[in-house]
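Enquirer: Okay, sequence plus prediction incoming.
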Amino acid sequence: MELVSADASGRPHFTAYLSKYLQENVLPLKVTFKGVHPGSRDAGPCTIVIRLSWQHLGLNSPVSFEPGDLLGVLPENSNDMVSKLLKRLHLDSNFTSFVVQRLMIQKKTLTMEGPREEWVPYENLPPATIYEWFKKFLDITTPPTQLLLSEVSTYATNQTEKENLNLLSQDVGVYEQWKHSNRPTILSFLEAFPSLSIPPEAIISKIPLMKPRYYSVSSCLSMSLPTSVDLIVGVVKFTTEDGSSRNGLCSMYLNEAAVGTIVNAFFRRFVSVIFTVFYYKVSREGRFSSMKILQGLFLLE
């Protein structure tokens, strides 16, 4: 990896990067209110109401939306999980305070002369600290893929762990059962295989990028020029089959966001199309005997 000092020039604004990456008009919205929804059960899952405002942006043109439209929220991983993951990867705080201008990854290609390895730039992440990559841009709550398991298995020094990794990466049935039972995050996976000593660049490029989570707008248009939007969010918590606790990434992120927190998000219009499909039943003699109708609804993005 190529490192420069933390005050490096040319560092893009994260919201601008997200707009370019997602091809959406991402706005840095500010949390101005958060409370428990009146219908939330005391003993059941918590449901919150959160208000996100763009009044502080001083936009030249108004933001238009309608109830039922979608707000795509870009969540962030918890500080606790990021810190533990960086520690597991042996990245101390001094190292993660540097801005990484460019991440170089090893690429293998086949040539006429045989396999060839070369270092090429990884273009999917903006210049940022490694902490910011894991906090804002990499979905470390998602289960590791079979490809990731296959590629990191070579870094296992324990033979039993290496064999288990090879089995998980090659047997779809075993992998799906492991994923369903454990719902592993990148951190819990690395903790389950302690002999793995993986270079940061070898795993960063294999972790999927953060994707937006969509919520329906629940605001009423009482103002001609609204400056905020309300969301009703059910906070997701569950226990895996092995007894581990897991949280919904975005719902927990919004639940822990204090008033004044900046949340990157964008609006997406709700467009639906009603479709009708006719099923014709024909007898063996070739005669029409009956007809069934199936109707449904498509959500177009």
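Expert: Thanks, I have it.
Enquirer: quick one, strands of the chain?
Expert: For the chain, the strands defined by DSSP state E occupy 2-4, 27-36, 47-53, 70-73, 99-111, 114-122, 128-129, 213-216, 228-234, 237-239, 245-247, 262-268, 271-282, 288-300.
Enquirer: Dump the ones you listed to JSON lines, plus mean neighbour count, mean pLDDT and distance to Ser83.
Expert: From N, CA and C alone the C-beta is placed, and that goes for glycine too. Shown next, in JSON lines, are the strands of the chain (neighbours: other CB atoms under 10 Å; pLDDT from 0 to 100; distance: least, CB to CB, whole Å):
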{"stretch": "strand 2-4", "mean neighbour count": "13", "mean pLDDT": "47", "distance to Ser83": "20"}
{"stretch": "strand 27-36", "mean neighbour count": "17", "mean pLDDT": "93", "distance to Ser83": "23"}
{"stretch": "strand 47-53", "mean neighbour count": "19", "mean pLDDT": "93", "distance to Ser83": "25"}
{"stretch": "strand 70-73", "mean neighbour count": "21", "mean pLDDT": "95", "distance to Ser83": "23"}
{"stretch": "strand 99-111", "mean neighbour count": "14", "mean pLDDT": "77", "distance to Ser83": "18"}
{"stretch": "strand 114-122", "mean neighbour count": "10", "mean pLDDT": "78", "distance to Ser83": "23"}
{"stretch": "strand 128-129", "mean neighbour count": "18", "mean pLDDT": "88", "distance to Ser83": "13"}
{"stretch": "strand 213-216", "mean neighbour count": "17", "mean pLDDT": "94", "distance to Ser83": "23"}
{"stretch": "strand 228-234", "mean neighbour count": "19", "mean pLDDT": "91", "distance to Ser83": "25"}
{"stretch": "strand 237-239", "mean neighbour count": "12", "mean pLDDT": "85", "distance to Ser83": "21"}
{"stretch": "strand 245-247", "mean neighbour count": "14", "mean pLDDT": "86", "distance to Ser83": "16"}
{"stretch": "strand 262-268", "mean neighbour count": "20", "mean pLDDT": "94", "distance to Ser83": "21"}
{"stretch": "strand 271-282", "mean neighbour count": "9", "mean pLDDT": "54", "distance to Ser83": "41"}
{"stretch": "strand 288-300", "mean neighbour count": "9", "mean pLDDT": "50", "distance to Ser83": "38"}
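Enquirer: quick one: which of these is nearest Lys20?
Expert: Comparison of the strands of the chain against Lys20 by CB to CB identifies strand 262-268 as nearest, at 12.3 Å.
Enquirer: and the angle from the closest one to strand 228-234?
Expert: For strand 262-268 against strand 228-234, the angle by axes from the mean of the first three to the mean of the last three CA atoms, to 10 degrees is 100 degrees.
Enquirer: Show me the contact partners of strand 262-268.
Expert: 14-15, 18-19, 22, 24-31, 52, 63, 65, 69-74, 212, 214, 217, 254, 257, 301 (CB atoms under 8 Å, 6 or more residues apart in numbering).
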